[in-house]
Structures are given as structure tokens and as C-alpha cells.
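**Q** Need coordinates for the following:
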Amino acid sequence: QVQLVESGGGLVQAGGSLRLSCAASGRTYSRYGIGWFRQTPGKEREFVAAISRSGGHTDYADSVKGRFTISRDNAKNTVYLQMNSLKPEDTAVYYCAARGDTYYGGTDFKNYDYWGQGTQVTVSS
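**A** I've put the predicted structure just below:
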């Protein structure tokens, strides 16, 4: 079992930056593949980025590639999502998720076992 808490969301102007954090407690964080997803009202949860448990493998949605960077610090039990050059279409609730006992969680939200409560990101034009 692992508990996830996101932070770092907020309101930012287009072109600005935010860094989201996903802090974990419970079982050893380094055993989990971690993903970031986002959701807007009426839409299905959308893949944003994922990182393997060692940090050696990462994936990004095409819509954020080159602007967002996912990283992790297993010593601090934290995964980060650095978001640069934000656009109004990035506005959503952002969730981090953990997939247990696997090297890499993948891009499908259905594969993930544990979820945080979400943090709102709003990008104004």
C-alpha cells in the first residue's frame, strides 16, 4: 500500500511554469512505476508522463513533449512534473498514480493501482 499526495498546482499565465510534486508514504516508493495523468470535466483521464522505478525510462504524451519533464528522487519518496511553456489547454486536475511492484507503469490509467487526490492547474490566456 502507498499513499500519494500531489502539490504545486495553481493559477499561472500562458507561457509560465509550475512544478508539481507527488509525495509518497507507505511502502518503498522505489518499487513503483509512477505516472502523471490529467482530467477535465466530462473527459476521460489523460496520460501526461510516466517514469520507471529507477528513473531510467520516461514517456510523454505528444501534447506535452518538449515542455514537461518528469523526474523522481527515491530518497525523498517524491516524483516531480516540471511544466514549462504552459498553455490554456493544459488546464486540468493533475493526478499522480503508482503501479505496484513493476518497473514501469505505462500510459494506460487503468493499469495503475494507487492515486493521489489531484491538484488543480489553471492556465490563463
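**Q** Find the nearest non-adjacent residue to the spatially most central residue of the chain, please.
**A** For the chain, the residue nearest the mean C-alpha position is residue 36 (2.4 Å; C-alpha atoms, centre = their mean). Nearest residue to residue 36, sequence neighbours excluded (C-beta to C-beta, 6 or more residues apart in numbering): residue 48, at 4.3 Å. Just so you know, the C-beta spots here come from the backbone N, C-alpha and C atoms, and that holds for glycine as well.
**Q** Isn't that neighbour up against residue 61?
**A** Yes. Counting by C-beta atoms under 8 Å, residue 48 touches residue 61, with 5.5 Å between them.
**Q** neighbour count winner among those two?
**A** residue 48 (25 against 16; other C-beta atoms under 10 Å).
**Q** Would you enumerate the residues in contact with that one?
**A** Residues in contact with residue 48, defined by C-beta atoms under 8 Å, 6 or more residues apart in numbering, are 35, 36, 37, 38, 60, 61, 64, 68, 81, 94.
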